[in-house]
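Asker: Provide a 3D model corresponding to the input given below.
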Amino acid sequence: MKNQKLTLTRIIVATLLLGGMISVQAEEVTLKIMAPWKSEGQMFRISANEVLIQGHSEGMMYIDAGENSIDALNTAIFQCPGKTLVNMANGKLETIGNCVISRGDEENLIFAEFVCKGITGKCDGKFSITGGIGKFKGITGSGKMIVRTVMTDVLGDVGTGAVLKGSTGLVVWPALKVNIPAK
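Answerer: I've put the predicted structure just below:
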């Protein structure tokens, strides 16, 4: 019985992320998500040992709603503006940002924020769903995020702040807990 309830919950989350409208009671589910991404931004040297990167990332989320759901793997698009402060002396960094997640329409969006700390190329942190609009109104959630990055393009001079950079990477949410409001 417990396994059937978990399966039903996963089906509901998968259907919501795919765009279906279902009447349900408020429910918390845990999703596994993997997302390749690319970004571009501008780098500014703000002190002798610090660089500030302001930019945005975008990519495709692959959402594992569980083996027993109708569609075990679903997708969503995300865009995340953010800023990263890098200590050039020791390679430590901290990134903060916001995200909008969608299935490609403007009427049904999920909003999130994140904080990530680590070293160049590796950043772990917290991802929090702060709300949504349309069928995602009232959605909340949070979980650990793991980010891996490779810088792909650097043009310009870090010393003057006239630098455009591109990077690619992978972000994983191993257990994102999502609270879906009753409809």
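
Asker: so where is the protein shaky, pLDDT-wise?
Answerer: Applying pLDDT under 70 to the chain flags residues 1-26, 66-73, 154-164, 183.

Asker: now the helices for the chain?
Answerer: 2-18 (DSSP state H).

Asker: That one: strands as residue ranges?
Answerer: 27-45, 50-64, 73-87, 92-102, 109-119, 122-133, 140-157, 162-180 (DSSP state E).

Asker: And Ile139, its phi and psi?
Answerer: phi -70, psi 140 (degrees, to the nearest 10).

Asker: residues in contact with Lys137?
Answerer: The contact partners of Lys137, by Cβ atoms under 8 Å, 6 or more residues apart in numbering, come to 131, 181. Heads up, the C-betas are built off the backbone N, CA and C, glycines and all.

Asker: how near is it to Lys144?
Answerer: Here the criterion is Cβ to Cβ, to the nearest Å. By it, Lys137 lies 25 Å from Lys144.

Asker: How about Lys83?
Answerer: Taken as Cβ to Cβ, the span from Lys83 to Lys144 is 21 Å.

Asker: now do Ile33
Answerer: Taking Cβ to Cβ as the measure, Ile33 falls 11 Å from Lys144.

Asker: same check, this time on Ala65
Answerer: As judged by Cβ to Cβ, Ala65 and Lys144 stand 18 Å apart.

Asker: Many thanks, I have nothing further to ask.
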